[in-house]
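> take this sequence and fold it.
(2 chains)
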Amino acid sequence: EPEVTQTPSHQVTQMGQEVILRCVPISNHLYFYWYRQILGQKVEFLVSFYNNEISEKSEIFDDQFSVERPDGSNFTLKIRSTKLEDSAMYFCASSPFTDTQYFGPGTRLTVL
Amino acid sequence: GQNIDQPTEMTATEGAIVQINCTYQTSGFNGLFWYQQHAGEAPTFLSYNVLDGLEEKGRFSSFLSRSKGYSYLLLKELQMKDSASYLCAVRPHNQAGTALIFGKGTTLSVSS
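Residues are numbered from 1 along each chain as shown, chains lettered A, B, ... in the order given. Next comes the predicted model:
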């Protein structure tokens, strides 16, 4: 069964550094998403992406964040200057034209 | 604002039936989803309701009442592996590729 994959599984970085989190959505899906989950808290929407454009973003997704689909398979989330409060599990998800979003295994980001 | 409420924790025994409730108040409604999340893992899709009524899928059923802003997830013949968090999520906007708003999740503990 096709799955969303994410790399790396765990990323440790220093405050102020840039990080790029990578995702490979399910191949025939059209919509891509990033969510985050701070330890012990709820899953929070960051951004959705369709047809090479952001279709929706939350208040969390400020100028420090950007997304890109650099080729036909990868979908990336960049955080330009990480803060301590960016420490969280970041989930990529994808969906076909229908509604259900399928989540990847996540990247645990630790900012020191 | 968007508000989704679920009980924080529930306990049950193997073989029993458990019902996890979810109430929501959102700016719009275009579907309700239930996901299962084991500790440290990604949310896994369980069910989707957009019309009132009961959707059954094996040991899992989900019910929706849009007029009451209410859903429940029913788990039958509980197994130890059902110990997990169960996340209720609403899609407020009437477009594909838009955000899911999650509740805080209900942690279910199944004992023998």
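> what lines up beside the helix or strand hosting B:L74 in the sheet?
Taking DSSP states H and E as the criterion, B:L74 maps to strand B:70-75. Strands that pair with strand B:70-75, judged by DSSP bridges, come out as strand B:18-25 (antiparallel), strand B:60-65 (antiparallel).
> mind exporting the last one as CSV, just the C-alpha atoms?
By that I understand strand B:60-65. Coordinates of each C-alpha in strand B:60-65 appear next as CSV, following Å, rounded to 0.1, in the frame of the first residue of the first chain:
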residue,chain,number,x,y,z
PHE,B,60,-15.1,0.6,14.2
SER,B,61,-18.2,2.8,13.6
SER,B,62,-18.6,6.5,13.5
PHE,B,63,-21.7,8.6,13.9
LEU,B,64,-22.5,12.2,13.0
SER,B,65,-25.2,14.6,13.9
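> average pLDDT across it?
For strand B:60-65, the mean per-residue pLDDT is 98.
> flag every buried residue along that strand.
B:F60, B:S61, B:S62, B:F63, B:L64 (16 or more other CB atoms under 10 Å in any protein chain shown). (C-beta placed from N, C-alpha, C; glycine too.)
> which element follows the helix or strand bottoming out on mean pLDDT in chain A toward the C-terminus?
In chain A, the helix or strand scored least confidently by mean pLDDT, DSSP states H and E is strand A:53-57, which has a mean of 91. The first helix or strand that comes after strand A:53-57 along the chain, using DSSP H and E, is strand A:65-68.
> what helices or strands is that following strand leaning on?
Other helices and strands packing on strand A:65-68, by 3 or more CB pairs under 8 Å, 6 or more residues apart in numbering or on different chains; DSSP states H and E, are strand A:43-50, strand A:75-79.
> give me the buried positions along that strand.
Using 16+ other CB under 10 Å as the test for burial, strand A:65-68 gives A:F65, A:V67.
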